[in-house]
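Asker: Okay, structure incoming, though there's no sequence with it:
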């Protein structure tokens, strides 16, 4: 076998060249896919009718995808049984940990208002279990009148239908839309 390879050395050269071309082609395709996925993510936009039509679990994935669009590469949907009041976890580009509770209303702002028990539930676990810097409740509907004062007391943030429309429609990231967001983490 070795003597055959010595006499036919050009076979090794051809195989090496084919492997090199195949490797370069694979890397190029991989990079193209990454660029395309980033472009799709950055172009992600939702209208309120689209969000209203989603199943509540799909609404959580939409919020996760919007956080990813805005630079939270680790954003993940964790909602479901045993989620301890968190549906989406993310770290923003400035190092802040976000814990998000999603409240989807089938009828949008015509549906029932999100109430204070929903705020209390996520507030009770967000900082203790998840180390949240930003605790957020987002809805495609509306909040009861008692939610805003409670959220202020608990240092939480609320995203109602109006803010959601601006954010999901391609507006700035949430941390630019919300008031009193904590400062970036040290070392970032």
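Answerer: Noted; the coordinates are in hand. Every value quoted in this text rests on a predicted model; they were computed, and no experiment measured them.

Asker: which SS class is residue 84?
Answerer: The three-state label given to residue 84 by DSSP: H, G, I helix; E, B strand; the rest coil is coil.

Asker: Same check on residue 99?
Answerer: strand.

Asker: ditto for residue 6
Answerer: State at residue 6, reduced to three classes by three-state DSSP: helix.

Asker: mind checking pLDDT for it?
Answerer: pLDDT recorded at residue 6 is 80.

Asker: Quickly list the domain ranges of the protein.
Answerer: 2-42, 48-177 (automatic domain parsing).

Asker: Go through those and name the closest to residue 185.
Answerer: domain 48-177 (3.5 Å; C-beta to C-beta). C-beta coordinates here come from the backbone N, C-alpha and C atoms, glycine included.

Asker: mean confidence score for that closest one?
Answerer: Average pLDDT, domain 48-177: 94.

Asker: Using JSON lines, lay out the domains of the chain together with distance to residue 183 and mean neighbour count.
Answerer: Compiled in JSON lines, the domains of the chain are given as follows (distance: least, C-beta to C-beta, whole Å; neighbours: other C-beta atoms under 10 Å):
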{"stretch": "domain 2-42", "distance to residue 183": "26", "mean neighbour count": "10"}
{"stretch": "domain 48-177", "distance to residue 183": "8", "mean neighbour count": "18"}
